[in-house]
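Engineer: Output the structure for:
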Amino acid sequence: MSGRDYSYKGSGTNSQGNHYCSRDYGSSASNQNSYHYSNQNGSYYYSNPNGSTYYNNGQGGSTYKSSSGHSSSSGYGNSGSSSGSSKK
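Structural biologist: Coordinates of the predicted model:
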């Protein structure tokens with residue numbers, strides 16, 4: 001038994017040299033098709049099976065957004081938390 005609760009969908013590198021990986025967590029997951037990107041500039045992004053997202057800019061700044069829309073950022077200079085579904 002592998003202990004994992006997903007099926008591997010695919011991975012690769014795009015023309016800019018950025019790596020991606022995608023997984024299928026099944027019908028019980030809020031976000032069935034989760035993925036992550038690791039970029040050449042050191043940044044990375046995760047779209048998680050619970051519906052949350054996480055972005056790190058590779059320079060100390062990061063943003064987490066929960067599945068309910070609450071977001072929290074740190075390391076950007078004006079760090080803090082906010083709630084809502086505003087888009088940047």
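Engineer: all strands of this structure, in order?
Structural biologist: For the chain, the strands defined by DSSP state E occupy 7-13, 19-24, 33-38, 44-47, 53-56, 62-65, 71-74, 80-82.
Engineer: any idea how far Gln40 lies from Ser27?
Structural biologist: 34 Å (CB to CB, to the nearest Å). All C-beta atoms are positioned from the backbone trio N, CA, C, and that covers glycine.
Engineer: Those two: which is more packed in?
Structural biologist: Neighbour tally, Gln40 and Ser27, criterion other CB atoms under 10 Å: the higher count belongs to Gln40, 12 against 6.
Engineer: residues contacting the more buried one?
Structural biologist: Listed by CB atoms under 8 Å, 6 or more residues apart in numbering, the contact set of Gln40 reads Gln16, Gly17, Asn18.
Engineer: Of those, which is the most crowded?
Structural biologist: Asn18 (16 neighbours).
Engineer: Look at the residue lying closest to that residue once chain neighbours are set aside and say how many residues are nearby.
Structural biologist: Spatially, and ignoring its direct neighbours in sequence, Asn18 is nearest to Asn39 (4.6 Å; CB to CB, 6 or more residues apart in numbering). For Asn39, the count of nearby residues is 17 (other CB under 10 Å).
Engineer: wait, what's in contact with Asn39?
Structural biologist: Taking CB under 8 Å, 6+ apart, one finds Gln16, Asn18, His19, Tyr45, Gly58 in contact with Asn39.
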